[in-house]
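# This is a predicted model, with the sequence first.
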Amino acid sequence: MGVSRRAVLLSGAGAAAAAAAATAAETALAAGGSVAGGAVGGAGRSVRTEDVGRHGDVGRQEDLSDRYPDERGWVNDCVRRIRALPYEPTPMLELELPARLRGSRLLVKNESVHPSGSHKHRLAQALFLNALANGWLTRNSPVVEASSGSTAISEAWFSKLLGIDFVAVMPSGTTAEKKQAVLDLGGEIVEATGATISERARSEARARRGHFMDQFTYAERAYDWRGDHGMAGEILHQADPDWFVMGAGTGGTAASLARYARYTGHRVRVCVTDPENSAFFPGWRDNDRTVTAKGSRIEGIGRPKVEPSFLFPLVNRMIRVPDAASIATMRVVGERLGIAPGGSTGTGLYGALKVLGGPSRHREGATVVTVLCDSGERYLDTYYSDEWLDRQRIDFRPWRDTVERFLDTGHWVPPRTWREPHTPRGHMWNM
C-alpha cells in the first residue's frame, strides 16, 4: 500500500531543515513507519514537521492555487459588454415657476429614458461591475436581488444582456406592471413581505448557489462617485444647483452626489425627502441607526429600517412628506411637464417646492434639482387610480390644491381639511 509524501516548502535558510525533514520522512516510510498528523513515526523516534517549521520556512501545504473560480475570460467579456453600452447624459427638464419666484429654477432630471426605464439603471450597472470586479459572479450562477421593483427590472435587464439567470425577491404588493417587466426580461419572481426581502433573497442565493447583489448594502460603495459620467457629475455640470432633492430607497444616489460635490468643490447641498412610516427620517433626526418603522406606500423609497447605504453625515436636510402630498404633486407636475412620473418622483418634487418657496425658503434665486425616477406607466392601477387610492385611504385632493396654488402664485398654503392617517398596525401593503 502506497503512502503519499508530505509536501515541504524550501526557502532560504530553512532549506537544510526542510531537506532533513524530507529525509526523515523517507527513512520512516522505508522502515515501515508512517507520516501522519504532521509527525514522522517509525524506528522508535518521532520528528514533527511543525517543529521543523519553527526553525525554517516549512509549511503544511502552504502553496495552493485555484481555490476559488477565476473565470477571467468570461468576466472580461461581461465587463466589455457593459462598458460598450452607449453613453449619453439624460435630459434636464425645467418646470415653470410663478413670477414671485423670479430668478429661481426647478430642474427635473429625466431618468425614465434609460433602457430599463428608471434611475436604477445606473445602480444596476454599478452593482454588476462591482460584483464582476470582486469575483462574486461566476458563469451559470444566478443573480438574486431584493427590490420593490425598479432595481429588479434594471438588474433583470443587465442579466439578460450578460446571459445570467435572475431572481427578484419582491414585496407581494409590488405593482403588477413592475412584476411583468421583470418576467418580460426573463427574470423569476419570489414574493415576500417587504421587511424580510433581504433575508429571503440571501437565503435564495444560498440555496441556488448564486450571488445576492444586495443593493441596500452596496449601493453607496458600488457607485463610481468620482467619475464625471455618473448622475452626480451630470447634474453638477448641467446645472450647478444650490440644492439636490430626492427620496431615498437605498441612499446610494444621495451619497454619491454628496461625495462628488465634496470631491469637486461644488456648493450643492442634499435634501432627502422621506415618505410616511419610513425609518430614514427618525433615524437621521436622532442619529440612531437602530430605528424601525412600518415601511412605505411609495414604491422605491422609504424603508422599515435604516439601510447601510443611507449615510447620515452626507444629508443636509430631510423633509417628511405625506403620501397624499406625494401623489398630488406627482399628478400636478406630470400634467405641467407633459410626462407622467411615478410616486417617488412626487415625493422629491414636493420637497423641491418646499425648498424653493415653503416656510423654510432657501434664498432668492435658488436652483433646485430633483429626479424623475421612473414613468407613471408602472403605476396606472395604483397611484393613477382614484379608486385604488380611496381604498388605501390616501386623500390626495386637498394637497392637489396646495401644489397648484404654489405653482400658480408662489404662495404655500397647506390644506386645512387634511388629516394625517394613523400609523398602520402591520407592515404596509408593499412592504
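Alright, I've got the coordinates. Numbering: from 1, shown residues only.

# going forward, measure contacts between C-alpha atoms and count neighbours the same way
OK.

# quick one: the helices in the stretch 301-431 of the chain?
According to DSSP state H, counting those that start in this stretch, the stretch 301-431 of the chain carries its helices in the segments 323-337, 343-357, 386-391, 397-409.

# how long is stretch 275-290 from one end to the other?
18 Å (CA to CA, to the nearest Å).

# what comes up buried for it?
275-284, 289 (16 or more other CA atoms under 10 Å).

# And stretch 325-339, by the same measure?
Those would be 325-334, for stretch 325-339 by 16+ other CA under 10 Å.

# The buried residues of stretch 275-290 in helices, which ones?
280-284 (DSSP state H).

# if we can go back for a sec, any idea which of the buried residues of stretch 275-290 is closest to residue 353?
residue 275 (15.4 Å; CA to CA).

# Once you drop chain neighbours, what's closest to the closest one?
Using CA to CA, 6 or more residues apart in numbering and skipping the chain neighbours, the partner closest in space to residue 275 is residue 321 (5.0 Å).

# How about the contacts made by that neighbour?
By CA atoms under 8 Å, 6 or more residues apart in numbering, residue 321 lies in contact with 273-276, 347, 350-351.

# change it to 10 Å
By CA atoms under 10 Å, 6 or more residues apart in numbering, the contact list for residue 321 reads 247, 273-277, 346-348, 350-351.

# can you put those in a markdown table and add pLDDT and distance to residue 216?
Shown next, in a markdown table, are the contacts of residue 321 (pLDDT from 0 to 100; distance: CA to CA, whole Å):
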| residue | pLDDT | distance to residue 216 |
| --- | --- | --- |
| 247 | 98 | 14 |
| 273 | 98 | 17 |
| 274 | 98 | 16 |
| 275 | 97 | 17 |
| 276 | 95 | 19 |
| 277 | 94 | 18 |
| 346 | 98 | 22 |
| 347 | 98 | 20 |
| 348 | 98 | 20 |
| 350 | 98 | 24 |
| 351 | 97 | 23 |
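
# nearest to residue 193, of these?
residue 277 (15.7 Å).

# Just confirm the closest one contacts residue 296, I think it does.
Yes - if you go by CA atoms under 10 Å, residue 277 and residue 296 touch, sitting 5.8 Å apart.

# Contacts only, for residue 109.
Here residue 109 is in contact with 89-94, 119, 231, 234-235, 238, 369-373 (CA under 10 Å, 6+ apart).

# out of the contacts of residue 321, who's nearest residue 338?
residue 346 (14.2 Å).

# what's near enough to touch the nearest residue to that closest one once chain neighbours are set aside?
Of all residues not flanking residue 346 in the chain, residue 330 sits nearest, at 3.9 Å (CA to CA, 6+ apart). Residues near residue 330 by CA under 10 Å, 6+ apart: 324, 340-350, 372, 376, 383-384, 400, 403.

# Then residue 223?
Applying CA under 10 Å, 6+ apart, the residues contacting residue 223 are 122-127, 129-130, 230-231, 252-253, 255-257.

# again, 7 Å this time
123, 126, 256 (CA atoms under 7 Å, 6 or more residues apart in numbering).

# ok, back up a step: closest to residue 153 out of the helices of the stretch 301-431 of the chain?
So among the helices of the stretch 301-431 of the chain, helix 343-357 is nearest, using CA to CA, at 16.1 Å.

# quick revisit: so which of the contacts of residue 109 is surrounded by the most neighbours?
Using other CA atoms under 10 Å as the neighbour criterion, residue 372 leads those with 30 neighbours.

# secondary structure element for residue 224?
Under DSSP states H and E, no helix or strand contains residue 224.

# what's the burial count for it?
Counted with other CA under 10 Å, residue 224 comes out at 17.

# same deal with residue 62?
10.

# Phi, psi for it please.
Torsion angles at residue 62 (phi, psi; degrees, to the nearest 10) stand at phi -90, psi 10.

# Report the contact partners of it.
No contacts exist for residue 62 under CA under 7 Å, 6+ apart.

# Turn the helices of the stretch 301-431 of the chain into CSV, columns for distance to residue 103.
Formatted as CSV, these follow (distance: least, CA to CA, whole Å):
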stretch, distance to residue 103
helix 323-337, 19
helix 343-357, 11
helix 386-391, 36
helix 397-409, 14
